[in-house]
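> Sequence first, then the predicted structure:
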Amino acid sequence: MSVDALAGLFFEAAETERRLPRAVDLRVKGSWPPTVPDKVAYGYNEAEAPLGPATARAVQRYDLALRLTPLMDADDARLVWAAVTTAAFRDRGPNWRKVAARAHCHPRTAKRRFESAMVSLWYRIALEASPLASEAREALGG
């Protein structure tokens, strides 16, 4: 079990959250079905494949990340979820400028606080004797 594995759990949880079905507001309905413009309809441009559904294992790890969130301070939890949400399906990792704007701090400070939050959560999981901590240790390989 490492801090990187713990951070990876939260990054994977953010991607799983994007793969889950969206909540549908049944109050708002249009009378016309959505149509595509003519240039898109005939295949003149590259088609983007939609995301596939989340696997059962990914949903279990997402649930574990959600249950680990209350072990962090509220500010740290907001910062961690802001960082992993901006990093979902992005090759370069979190967009620290967006995270810093949400946290009202400098991007380097946001990154340092994210790393600090992951290390403190890792220590809390490593030292705690609760069933949740033991489940997290088992899921993270340690």
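Here it is on my side, so go on.
> any idea which helix or strand of this protein has the worst average confidence?
Lowest on mean pLDDT, DSSP states H and E among the helices and strands of the chain sits helix 38-41, with a mean of 60.
> Name the residue closest to the centre of the protein, please.
Ala14 (1.7 Å; C-alpha atoms, centre = their mean).
> re the thing from before, after the least confident helix or strand of the chain, next one along is what?
Going down the chain from helix 38-41, the next helix or strand is helix 56-68, by DSSP states H and E.
> In PDB, could you pull the C-alpha coordinates for that next one?
Taking Å, rounded to 0.1, in the frame of the first residue of the first chain, the C-alpha atoms of helix 56-68 are listed here in PDB:
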ATOM      1  CA  ALA A  56     -18.600  -3.600 -11.100                       C
ATOM      2  CA  ARG A  57     -15.000  -3.500  -9.700                       C
ATOM      3  CA  ALA A  58     -14.700   0.100 -10.600                       C
ATOM      4  CA  VAL A  59     -18.000   0.900  -8.800                       C
ATOM      5  CA  GLN A  60     -16.700  -1.000  -5.700                       C
ATOM      6  CA  ARG A  61     -13.500   1.100  -5.700                       C
ATOM      7  CA  TYR A  62     -15.600   4.300  -6.300                       C
ATOM      8  CA  ASP A  63     -17.700   3.300  -3.200                       C
ATOM      9  CA  LEU A  64     -14.500   2.800  -1.200                       C
ATOM     10  CA  ALA A  65     -13.200   6.200  -2.200                       C
ATOM     11  CA  LEU A  66     -16.500   7.800  -1.200                       C
ATOM     12  CA  ARG A  67     -16.400   6.000   2.200                       C
ATOM     13  CA  LEU A  68     -12.800   7.200   2.700                       C
END
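> in that helix, what's buried?
Judged by neighbour count (16 or more other C-beta atoms under 10 Å), helix 56-68 contains these buried residues: 58-59, 61-62, 64-65, 68. For glycine as for every other residue, the C-beta is placed from the backbone atoms N, C-alpha and C.
> hang on, the earlier thing: looking at the helix or strand harbouring the residue nearest to the centre of the chain now, give me its mean pLDDT.
Element membership for Ala14, per DSSP H and E: helix 3-19. Helix 3-19 shows an average pLDDT of 91 in the prediction.
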